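Take a look and give me a structure for this.
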Amino acid sequence: MAEEPKRRKPPEYPLRLHVYLARCGVASRRNAEKLISQGRVAVNGAPVRTQGTLVEEGDSVTFDGRRVYPTRTMVYLALNKPRKYLSTSSDPEGRPTALELLVKDFSFRLFTVGRLDYLSSGLLLVTNDGDFAQAVMHPSSEIEKEYIVETRREIARELLDQFRRGVHVDGETYSIESYSVTNRFRVNLVLHEGKNREIRRVFQHWKIGVKRIHRVRVGPVRIKGIGSGEYRHLTDAEIAWFLDRTKASRRS
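A predicted model of the protein is given here:
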């Protein structure tokens, strides 16, 4: 699975602290802001909780007491997450994480782009490029995510049409972009936003038991050909698609 690593230009200083952390592969820009607020980041030995702090070339930045440096080797992966693996980097209960599947091949820090819940399986993007992760996860990009959903009883088309218009559950509105029915107990759903456990919450609201949720596509990236627990590198064209998509959405 080895592939020529992607390279990018050195950063131009000064950089905002959350951007610097993203360039170091610590986290996406959004999650880097949370780490700063938690007091886990220090600049030149002084803990920083203020957003917008600038980092100059030569400054010492540490995360959880370990100095971090901008990386120029970028990795972009499509991982087929098995069921009962977490999307987080660690778990206090000791449950396995998707990133543990990659430890043997990568010596540097990686993180997932978005999430896929513990009981779901399928396509999960993984990278060490915080800027890329932020671009893909930004709500304005409206990147499609496609899921196969298998249920324990028949799914009425009227309910799926309702899901497309919007379903209100516990004060939250959930909706899909489109759907296609394979059979009475299996449907493909296409979502843009993908809120936390959205599909499970809606089907639970309908009192329809879910046997399986499997994500098969994120944007142009499909899971076909990737075995459970395995991965492949994104192509240059796939990476460019995500970046071009997010740039276009922010201009409009």
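
quick one: low-confidence ranges for this structure?
The chain contains residues with pLDDT under 70 at 1-5, 7-8, 246-252.

Tell me which other helices or strands the longest strand anywhere in it touches.
Among the segments of the chain that qualify as a strand by DSSP state E, the longest is strand 210-218. Judged by 3 or more C-beta pairs under 8 Å, 6 or more residues apart in numbering; DSSP states H and E, strand 210-218 is in contact with strand 121-127, strand 145-151, helix 198-205. The C-beta positions use only the backbone N, C-alpha and C, and glycine is treated the same way.

Mind doing that once more with 6 Å?
Applying 3 or more C-beta pairs under 6 Å, 6 or more residues apart in numbering; DSSP states H and E, one finds that strand 210-218 contacts strand 121-127, strand 145-151.

Residues in contact with the next helix or strand after it: which ones?
For strand 210-218, the succeeding helix or strand toward the C-terminus, using DSSP states H and E, is strand 221-222. Defining contact as C-beta atoms under 6 Å, 6 or more residues apart in numbering, one finds that strand 221-222 is touched by A78, E238.

Strand partners (parallel or antiparallel) of strand 221-222?
strand 210-218 (antiparallel) (DSSP bridges).

one step back: chain center to the longest strand of the chain: distance?
15 Å (C-alpha atoms, centre = their mean, to the nearest Å).

Show me what counts as buried in that strand.
Neighbour-count burial for strand 210-218 flags V210, I213, H214, R215, V216, R217, V218 (criterion: 16 or more other C-beta atoms under 10 Å).

which ones are touching S60?
Counting by C-beta under 6 Å, 6+ apart, S60 touches N44.

Next one: it from Q38, what distance?
S60 sits 19 Å away from Q38, going by C-beta to C-beta, to the nearest Å.

I'd like to know how many residues surround S228.
Using other C-beta atoms under 10 Å, S228 is surrounded by 14 other residues.

And for E198?
Neighbours of E198 (other C-beta under 10 Å): 21.

And the closest residue in space to it that isn't next to it in sequence, how far from S120?
Nearest non-adjacent residue to E198, counting by C-beta to C-beta, 6 or more residues apart in numbering: Y174, 4.9 Å away. To S120, Y174 is 15 Å away according to C-beta to C-beta.

Give me the more crowded residue out of these two.
S120 (23 against 19).
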